[in-house]
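Peer 1: with the sequence up front, the predicted model follows.
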2 protein chains.
Amino acid sequence: MRLSDKGELPLLEALRKKFGKSSRGLLLGIGDDAAVIRPAGRNMLLTTDMMVEGVHFDLAWTTPFQLGFKLVSVNVSDIYAMGGRPEYFLLNFAAPGRFKLDAFDSFFLGIGEALREYGVSLIGGDISSADRMMLSATVTGTASRFVTRGTARPGDGVFVTGTLGDSAGGLLFLKMMKRSVEIEKGRKTSFGPGWKTVGPLIEKHLMPRPRHPGRIMKHATAMMDVSDGLFIDLSRLCRESGVGARIYEELIPVSDELKEAAAFLGVAAIDLATGGGEDYELLFTAPVNDKVKAFRIGEITHKGLRIVGKTGTTKKISPEGYRHFVL
Amino acid sequence: MRLSDKGELPLLEALRKKFGKSSRGLLLGIGDDAAVIRPAGRNMLLTTDMMVEGVHFDLAWTTPFQLGFKLVSVNVSDIYAMGGRPEYFLLNFAAPGRFKLDAFDSFFLGIGEALREYGVSLIGGDISSADRMMLSATVTGTASRFVTRGTARPGDGVFVTGTLGDSAGGLLFLKMMKRSVEIEKGRKTSFGPGWKTVGPLIEKHLMPRPRHPGRIMKHATAMMDVSDGLFIDLSRLCRESGVGARIYEELIPVSDELKEAAAFLGVAAIDLATGGGEDYELLFTAPVNDKVKAFRIGEITHKGLRIVGKTGTTKKISPEGYRHFVL
């Protein structure tokens, strides 16, 4: 059965039944001209993102479930990156009429799974037809205190919450495999260096789990998530803060899986870790003397962006990473 | 010059300069992981919409300025339709790298013009590449009291705030003309019945101005905007309220321009008025004895949806209008 066999209104009605639970603070959910909420905190966070088939994802190696899960995750990551608690989710879904109803249902299972994981409620949005899948989402959150990109100070340490480059490594495998793996159902596949290596990388790309800022909040002087790549994101943080940074190649956390995968693929793991995007780890600055449970990769300087190589040579960082409209 | 000549970051920087003004209640605007606001009222409204080239608009007859203006307008219409005051706007913009920088600038001039008209601030969003233009927007608003679709009562009158079908009539002309007219610069064009007739219809389609609910709020028992067509939207209001309605063909307001245009086009004006979408007038119910400055077109009944023709014959309404995934 396809979307065009069912029609817009029955689809919307089904979603409403599935997601129409009331929550504290939600006065009116799916089904009217707008949703109505009673804001919980003094500060409200708002972020929005768009994902387009062929640009941001490829259904050849992404299941609809994974896509739904990721759409929520990447928006929640933006709320976490401000130090906030995500609350509400609004969705625009567009797909061709020939889109399978099964795939539509799986997509919303993935959405639902992520909403549960992050404690977020779907409160509105729309579905429409288009010649390919296009998604946009808006997530709101609350924060009693929020941390921006613009408040790093010279002398602060630079930290990341986890290994970098795994998502980019996973994407390289997916592009070679050109098939999807239902990791959400515990499925595995054999490919190159074995599932023990490939699996975690692929999962990091397909179903990223953004880092909760909880234990970091009392230390962070500036914070953002790593979505476009360490170099480009660090350069943004530095520009916003009017500072520079020096980071050390040997301190950049790289997983054993990525090292193995990089050897197999014939690429340098450090290039994926500094230039690859979509890790959804937190990149933040904090006083160097604070005991912070994260990887310290360098320090904030007055100006310039530099990386110190393993042999001690210092190089200028030219921000690289995924940028739209850059050929 | 094209978007790909400029790159994502300079484009974002330019937008930030253009729209980065602070406003009361806005703690952090464009440029971080999320925007931060201090909610003004107790109730906050949230609505989101997506517009895709080839589905929702055609650049053959829509200028980028008009598109930007309309994107804001249709979302503001949803806030007005709840009885709210629009406040903040978040945008996702995607277009091909070959998209002209001039067109990009015009689009944001249209956005800016609409934001000023409705008193709304752009506080966040993203731009990315795609093989065609895709837009999504989220608008927030506040309302001390809001009016839903679900509270119409048998015996209430059914009202609309303006003539219906004009937008659909305008679209028919645009589809025949297959060219754009810069009405935002006072440009006119001669086509068929003359600009005096065609102009207002085209403008209603390209640059709709949603109706402010101010004078209606104290009367409305249920309310929504007419976006998909009178019949389908009235059927939604009735379903949500668990009621029926009877409307009278001769009471449905049709503009002289639409009558002339319909005669020229060989279509029935009443079909455009009842089945055509995108009028962005308010459809609401109110006590029949209230003095309401709007067009009364019928009344709410206990059940069934009926239209009384000019000769007094009553027909069942089968909701028609624009529905996605319906062939």
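Peer 2: That came through fine. Residues are numbered from 1 along each chain as shown, chains lettered A, B, ... in the order given.

Peer 1: pretty sure A:D228 sits in a helix.
Peer 2: No: counting by DSSP: H, G, I helix; E, B strand; the rest coil, A:D228 falls outside a helix, being coil.

Peer 1: that one contacts A:D279, doesn't it?
Peer 2: No: using C-beta atoms under 8 Å, A:D228 makes no contact with A:D279, being 9.7 Å away. (Each C-beta comes from the backbone N, C-alpha and C, glycine too.)

Peer 1: more neighbours: those two, which one.
Peer 2: A:D279 (31 against 22; other C-beta atoms under 10 Å in any protein chain shown).

Peer 1: return the strand or helix carrying A:T138 as PDB; C-alpha atoms alone will do.
Peer 2: Taking DSSP states H and E as the definition, A:T138 sits inside strand A:134-142. Only the C-alpha atoms of strand A:134-142 are listed here, as PDB (Å, rounded to 0.1, in the frame of the first residue of the first chain):
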ATOM      1  CA  MET A 134      11.900  16.000   2.500                       C
ATOM      2  CA  LEU A 135      11.800  16.500   6.200                       C
ATOM      3  CA  SER A 136      12.000  19.500   8.400                       C
ATOM      4  CA  ALA A 137      11.700  19.600  12.200                       C
ATOM      5  CA  THR A 138      11.600  22.200  14.900                       C
ATOM      6  CA  VAL A 139      12.400  21.300  18.500                       C
ATOM      7  CA  THR A 140      11.800  23.500  21.500                       C
ATOM      8  CA  GLY A 141      13.500  23.200  24.800                       C
ATOM      9  CA  THR A 142      13.900  25.000  28.100                       C
END
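
Peer 1: what strands line up against that strand, and which way round?
Peer 2: Here strand A:134-142 has these sheet partners by DSSP bridges: strand A:44-52 (antiparallel), strand A:85-95 (antiparallel).

Peer 1: right, and the helix or strand after that strand?
Peer 2: strand A:157-160.

Peer 1: give me the contact list for that next one.
Peer 2: A:216, A:226, A:230, A:234, A:245, A:247, A:252-253, A:281-288, A:290, A:292, A:294-300 (C-beta atoms under 8 Å, 6 or more residues apart in numbering or on different chains).

Peer 1: so which of those residues sit within helices?
Peer 2: A:L230, A:L234 (DSSP state H).

Peer 1: show me where chain A has its strands.
Peer 2: All strands of chain A, identified by DSSP state E, fall at A:26-28, A:35-37, A:44-52, A:85-95, A:121-129, A:134-142, A:157-160, A:222-225, A:244-248, A:282-286, A:295-301, A:305-308, A:314-316.

Peer 1: any chance of the ones you listed in CSV, plus mean neighbour count and mean pLDDT?
Peer 2: Output for the strands of chain A, formatted as CSV (neighbours: other C-beta atoms under 10 Å in any protein chain shown; pLDDT from 0 to 100):
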stretch, mean neighbour count, mean pLDDT
strand A:26-28, 18, 91
strand A:35-37, 25, 94
strand A:44-52, 25, 96
strand A:85-95, 25, 96
strand A:121-129, 23, 92
strand A:134-142, 28, 96
strand A:157-160, 25, 98
strand A:222-225, 26, 98
strand A:244-248, 20, 98
strand A:282-286, 27, 98
strand A:295-301, 20, 98
strand A:305-308, 18, 96
strand A:314-316, 10, 93
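
Peer 1: dump the ones you listed into JSON lines; add distance to B:I270 as well.
Peer 2: Shown next, in JSON lines, are the strands of chain A (distance: least, C-beta to C-beta, whole Å):
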{"stretch": "strand A:26-28", "distance to B:I270": "33"}
{"stretch": "strand A:35-37", "distance to B:I270": "34"}
{"stretch": "strand A:44-52", "distance to B:I270": "39"}
{"stretch": "strand A:85-95", "distance to B:I270": "31"}
{"stretch": "strand A:121-129", "distance to B:I270": "27"}
{"stretch": "strand A:134-142", "distance to B:I270": "35"}
{"stretch": "strand A:157-160", "distance to B:I270": "64"}
{"stretch": "strand A:222-225", "distance to B:I270": "54"}
{"stretch": "strand A:244-248", "distance to B:I270": "67"}
{"stretch": "strand A:282-286", "distance to B:I270": "59"}
{"stretch": "strand A:295-301", "distance to B:I270": "68"}
{"stretch": "strand A:305-308", "distance to B:I270": "66"}
{"stretch": "strand A:314-316", "distance to B:I270": "70"}
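
Peer 1: great, nothing more from me.
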